[in-house]
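# Here is the input, now give the coordinates:
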Amino acid sequence: MRGQKELYDKLDELGIKYRYREHPAVATIAEATVYWKDIDSGRCKNIFLRNHKGNRHYLVILEHLCNLNIKDLEQKLGQGKLSFASEKRLMKYLGLKPGSVSPFGLINDTEKHVHLFIDKKLLAFDNLSFHPNENTASLVISRLDFIRFLENQGNTFEFISLYED
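Next up is the predicted model:
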């Protein structure tokens with residue numbers, strides 16, 4: 001199976017069942033929609049951000065058709081301007097390459113540095129789909145198992161309204 005072995009080991013350890021699907025490499029939502037048509041799940045967009053000082057990092061997860069209102073998130077955080085984190089920071093904190101951003105990368109965040117903001121809109125889905133830390137496959141897990149995965153990882157996370165209509 002494609003993806004990070006440690007991730008599959010962690011899912012097995014937690015007794016989390018998943019559906020696995022291989023596909024060509026997809027770096028954007030537009031590319032991914034072709035391969036998602038038969039997947040029954042909430043489809044997620046994952047964005048890795050940093051604050052203006054570069055000392056706080058955030059993984060933002062929202063429904064794939066929604067656009068992030070960054071200014072609103074900046075106001076909620078009160079930490080100044082947010083920007084996309086660099087490729088180097090993505091590798092340092094989540095052990096991931098661009099195009100493969102996934103909350104499953106939290107298995108590589110041993111210091112629990114990254115905070116997650118998850119769009120409340122995703123609570124409406126029974127299942128969610130993410131890359132297994134490589135953009136040539138997708139895993140579908142239940143929303144409840146996803147939350148259990150996050151709780152086990154120990155990173156802080158919260159569900160908030162993140163999108164603009």
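# ok, whichever strand or helix holds I47: who's next to it in the sheet?
Element membership for I47 (DSSP states H and E) is strand 42-51. Looking at strand 42-51 with DSSP bridges, its partner strands are strand 57-63 (antiparallel), strand 82-84 (antiparallel), strand 127-130 (parallel).
# so which of those strands comes closest to L94?
strand 57-63 (7.4 Å; C-beta to C-beta). Where C-beta positions appear, they are placed from N, C-alpha and C, glycine not excepted.
# any chance of the strands paired with strand 42-51 in CSV, plus distance to D109?
Shown next, in CSV, are the strands paired with strand 42-51 (distance: least, C-beta to C-beta, whole Å):
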stretch, distance to D109
strand 57-63, 9
strand 82-84, 18
strand 127-130, 15
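# Any chance of those strands in CSV with mean pLDDT, mean neighbour count and distance to L139 as columns?
Converted to CSV, these look like this (pLDDT from 0 to 100; neighbours: other C-beta atoms under 10 Å; distance: least, C-beta to C-beta, whole Å):
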stretch, mean pLDDT, mean neighbour count, distance to L139
strand 57-63, 92, 21, 14
strand 82-84, 92, 15, 24
strand 127-130, 93, 22, 6
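# who wins for proximity to Q75 among the ones you listed?
strand 82-84 (10.5 Å).
# just how off-centre is that closest one within its chain?
16 Å (C-alpha atoms, centre = their mean, to the nearest Å).
# and the next element down the chain from it?
Counting by DSSP H and E, the next helix or strand C-terminal to strand 82-84 is helix 87-94.
# still on that earlier bit, for the strand holding I47, buried residues please.
42-51 (16 or more other C-beta atoms under 10 Å).
# quick one: it to helix 87-94, angle?
110 degrees (axes from the mean of the first three to the mean of the last three C-alpha atoms, to 10 degrees).
# quick revisit: okay, the buried residues of strand 42-51 in TSV with pLDDT and distance to F157 next?
Below are the buried residues of strand 42-51 laid out as TSV (pLDDT from 0 to 100; distance: C-beta to C-beta, whole Å):
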residue	pLDDT	distance to F157
G42	75	16
R43	80	19
C44	84	14
K45	86	16
N46	90	13
I47	91	14
F48	95	14
L49	94	14
R50	94	17
N51	92	17
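# With distance to L11 added, can I get those in CSV?
Formatted as CSV, the buried residues of strand 42-51 follow (distance: C-beta to C-beta, whole Å):
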residue, distance to L11
G42, 18
R43, 19
C44, 17
K45, 22
N46, 18
I47, 23
F48, 21
L49, 26
R50, 28
N51, 31
